[in-house]
Each structure stands twice: as C-alpha cells, then as structure tokens.
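S.K.: I need the structure of the sequence given here:
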Amino acid sequence: MRTKTGRRGRPTNYTPEMGHVVYRLMSEGLSLTAAAGAMGIARATVHNWMKRYPELLDSVERGQAARVYKLETDMLGAGEAHIVHARRFALVNAAPAEWRRSGSGSAA
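M.R.: Here you go, the predicted model:
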C-alpha cells in the first residue's frame, strides 16, 4: 500500500503538533527517550521522523538546548550537594561536549 507521499508501508502517525509536545517535554528536563515514552512512541520512531520532517528535527534540537538550560539553572539554584551532583551527572549526558571532563582532567 502506498501512502500520500508515495512511500510503501504503514501510514505515519506523525502530526506537526508532536514537535511542540516533544519541545515542551524536553524543556521540562526530560531526555528525548523519556519524551518519546511520555508520548507513547519509541525513541527510534522519533529518530525516523526527524529524518523525514525537518520541523521535528528543529523542535528536538531546540528541546535539547532547553533541557540543558533547565538542568543548569536547577543546578545553579540548588542548595544541596546531592542535587548539584545529580544535575551535573545529567548534564554530562545531555551536553557531553560542554560537560565531560577533557583529557587534562578539567571540565569544559
């Protein structure tokens, strides 16, 4: 069976609203995997859609930046060491280029 785009296979459940939802969830601090789970879809599905729908890719990239902002502001406002350490751990995974330790042993 061919879809409207001429592709074979099952029709997509993607709607443009999903970009807004994934951005909102990630801006609350959720990872892409957790956002996909909250939406009831697999992370692989989101990745497939990101290849086909540039507007979703843009929403995810903006969501990743918003997630890092949320994690950093939460960490900077935390008064308890365990929260600071938890946020730093999340940031190492969310923004590895900025938060992973370099070979010299210092954080970027």
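S.K.: C-alpha only now, for contacts and for neighbours.
M.R.: OK.
S.K.: select the longest helix from the protein.
M.R.: Assignment by DSSP state H gives helix 54-77 as the longest helix of the chain.
S.K.: could you pull up the contacting residues of the residue nearest the centre of the chain?
M.R.: Residue closest to the average C-alpha location in the chain (Cα atoms, centre = their mean): L32, at 3.4 Å. Neighbouring residues of L32 by Cα atoms under 8 Å, 6 or more residues apart in numbering: 22, 26, 43, 60, 64.
S.K.: let's see it at 7 Å
M.R.: Going by Cα atoms under 7 Å, 6 or more residues apart in numbering, L32 touches M26.
S.K.: ok, S59 next?
M.R.: S59 is in contact with 19-20, 23, counting by Cα under 7 Å, 6+ apart.
S.K.: buried ones in the longest helix of the chain?
M.R.: 55-57, 59-60, 62-72, 74-75 (16 or more other Cα atoms under 10 Å).
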